[in-house]
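Engineer: what follows is a predicted structure for the sequence shown.
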Amino acid sequence: MDRHKIKKDHKEENLAIKKLSEELEKVKNERESYKNKYLRALADYQNYEKRVKDERNRLMEVANSETILKLLPFLDDLDKAEIFVKDPGLKIIKDKFTQTLKEIGLEEIQILKKQFDPHTAEAIDVVEGNEDNIVNEVLRKGYLYKGKVLRVAQVKVTKKLKD
């Protein structure tokens, strides 16, 4: 064979290999670009799903809190009725109603004989006492819904007598 022809074939092979290598590199870069776009789109979609879920949960909590707030006067009435009517059936109904609200996330604010906190209670009256600003009597119960104040309590607080 001709030496010149071998050199020419070798040169053509090198050019073909170089061209194929360049094409392979280009395809690898495109693949990496598409992969990155896919991963960004996937992350965006997952973030969107999380936002939708969070918003749905927030709306459910708002709706639940509004409904519970409308039910609280009935609970107040049951508490008052229980004082005056000694009926075991009434107590069962009240306890069941209270337990259901508790399971949903409602809890009574425990403030009797504690330091007055304007975030959880509204002072309706002041009475004489040994210390200042101690809750002496709860006139209307306050409630938390899932840890947040739903309704403040109405209370009487103490005012220390001056010597």
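Structural biologist: Looks like it arrived, so ask away. What you are looking at is a predicted structure, and each value in this text was computed from that prediction instead of being measured.
Engineer: please enumerate the strands of this structure.
Structural biologist: 106-108, 121-129, 135-140, 143-145, 148-151, 153-160 (DSSP state E).
Engineer: residue 100: which of the ones you listed is closest?
Structural biologist: Residue 100 sits nearest to strand 106-108 of all these, at 9.0 Å, using Cβ to Cβ. (Each C-beta comes from the backbone N, C-alpha and C, glycine too.)
Engineer: how close does the spatially most central residue of the chain get to residue 44?
Structural biologist: For the chain, residue 58 is the residue whose C-alpha lies nearest the centre (Cα atoms, centre = their mean; 6.4 Å). According to Cβ to Cβ, to the nearest Å, residue 58 and residue 44 sit 21 Å apart.
Engineer: quick one: stretch 49-68 to chain centroid distance?
Structural biologist: Distance of stretch 49-68 from its chain centroid, counting by Cα atoms, centre = their mean, to the nearest Å, is 8 Å.
Engineer: buried ones in that stretch?
Structural biologist: Within stretch 49-68, the residues that qualify as buried are 64-65, 68, counting by 16 or more other Cβ atoms under 10 Å.
Engineer: for it, which outside residues touch it?
Structural biologist: Here stretch 49-68 makes contact (Cβ atoms under 8 Å, 6 or more residues apart in numbering) with 101, 104-106, 143, 145-146, 150.
Engineer: the helices in the protein, which residues?
Structural biologist: With helices called from DSSP state H, the chain shows them at 3-84, 88-104.
Engineer: quick one: the first one to strand 135-140, angle?
Structural biologist: Interaxial angle of helix 3-84 relative to strand 135-140 (axes from the mean of the first three to the mean of the last three Cα atoms, to 10 degrees): 100 degrees.
Engineer: and the angle from helix 3-84 to helix 88-104?
Structural biologist: Going by the same axes, to 10 degrees, helix 3-84 makes 160 degrees with helix 88-104.
Engineer: now tell me which helix or strand of this structure has the poorest mean pLDDT.
Structural biologist: Ranked by mean pLDDT, DSSP states H and E, the weakest helix or strand in the chain is helix 3-84, scoring a mean of 93.
Engineer: if we can go back for a sec, of the contacts of stretch 49-68, grab the buried ones for ChimeraX.
Structural biologist: Of the contacts of stretch 49-68, the buried ones go into a single ChimeraX selection, burial set by 16+ other Cβ under 10 Å:
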select :101,105,106,143,145,150
